[in-house]
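S.K.: here's a sequence, model it:
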Amino acid sequence: MAEIKNASSAAAADNAPGVRARRKAQRPQEILHAAFDEFVERGYTATRIEDVAKRAGVTKGTIYLYFQNKEELFQDVVRKLSQPIFNEEQFWLEHQSRPCDQLVRLFLDTVYEHMTVNPYSREILRFLISDGRSFPELTASHYDEFVKPTLTIFEHILEKGMREGVFRADAATSQMSYILLSPALTLTIDKLLDCQTDLPELNDYVNAHYEMIMRNIRK
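M.R.: I've put the predicted structure just below:
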């Protein structure tokens, strides 16, 4: 009897208005994470709304309460689960007193952690590479919100080194930033392709990338 009473109490607690309201508020995020997992596993084209609903533990109709269609769901996955690499104001607040060469290494470590280790950042890049043509506005906004700020903070690090006479006078250009950071994208794509090739250890790769940059920008 005690067990039945406890079970009834638990069920009543689960159905309390406050609990139901919290679950309803959490549901869009739960659906986004379920959709993310489906897109990773199946790809955008093969993913069906009913697959997302099953993974999220809701009905197909519930999905349509929050998202008009699969296209909107995909766009919200990319927009809302993307994570910025840096907060530039916070970065300078914490690290402005560091030597410029240390800032370059810290920047690289953070970029590689984000692009190759963080599953959301890594897989969202895959989504944009494979399906970005179908969503040009989404791709453009992702670049403006996440890629461009990363390039900008790198340029600001290089400019700091130029002002302090550590880096070459022509180190901080947008072209230079693209070129110097391209190995990070190369490794990320290699990992996404998963060709079972012998990729270098991440730390060794970052060390080599750092040395390459410093050889090119050190005064």
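S.K.: centroid residue for the chain?
M.R.: Geometric centre of the chain, nearest residue: S121, 2.3 Å, by CA atoms, centre = their mean.
S.K.: buried stuff in whatever helix or strand it lives in?
M.R.: Per DSSP states H and E, S121 falls inside helix 119-131. Neighbour-count burial for helix 119-131, counted by 16 or more other CB atoms under 10 Å, picks out Y120, S121, R122, E123, I124, L125, R126, F127, L128, D131. To be clear about C-beta, it is placed using only N, CA and C from the backbone, and glycine gets the same treatment.
S.K.: and stretch 29-37, by the same measure?
M.R.: I31, L32, H33, A34, A35, F36, D37.
S.K.: do the same with stretch 133-146
M.R.: F135, L138, T139, H142, F146.
S.K.: save the buried residues of helix 119-131 as CSV, and put in pLDDT and distance to L158 too.
M.R.: As requested, those are arranged in CSV below (pLDDT from 0 to 100; distance: CB to CB, whole Å):
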residue, pLDDT, distance to L158
Y120, 91, 28
S121, 90, 23
R122, 88, 26
E123, 91, 30
I124, 93, 27
L125, 91, 24
R126, 90, 29
F127, 93, 30
L128, 92, 26
D131, 92, 33
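S.K.: tally of neighbours for the closest residue to L106 other than its chain neighbours?
M.R.: Computed as CB to CB, 6 or more residues apart in numbering, the closest residue to L106 that is not its neighbour in sequence is H95, at 6.4 Å. Using other CB atoms under 10 Å, the number of residues around H95 comes to 13.
S.K.: phi first, then psi, for H95.
M.R.: phi -130, psi 10 (degrees, to the nearest 10).
S.K.: now do F167
M.R.: phi -110, psi 160.
S.K.: I'd say it and K219 touch.
M.R.: Yes - between F167 and K219 there is a contact at 5.8 Å, judged by CB atoms under 8 Å.
S.K.: look at these two and report which has more neighbours.
M.R.: F167 (24 against 11).
S.K.: list the contacts for that one?
M.R.: Contacts for F167 (CB atoms under 8 Å, 6 or more residues apart in numbering) come out as C100, L158, G161, I217, R218, K219.
S.K.: number of nearby residues for the third one?
M.R.: Just to be clear, that refers to G161. By other CB under 10 Å, neighbour count at G161 equals 22.
S.K.: so it versus S182, what's the distance?
M.R.: 20 Å (CB to CB, to the nearest Å).
S.K.: just the closest of the contacts of F167 to V77, please.
M.R.: Proximity of the contacts of F167 to V77 was ranked by CB to CB; the top entry is L158 with 33.7 Å.
S.K.: quick check, the closest one in a strand?
M.R.: No - applying DSSP: H, G, I helix; E, B strand; the rest coil, one finds L158 to be helix, outside a strand.
S.K.: hmm, it is touching Q175, no?
M.R.: No - if you go by CB under 8 Å, L158 and Q175 don't touch, sitting 11.9 Å apart.
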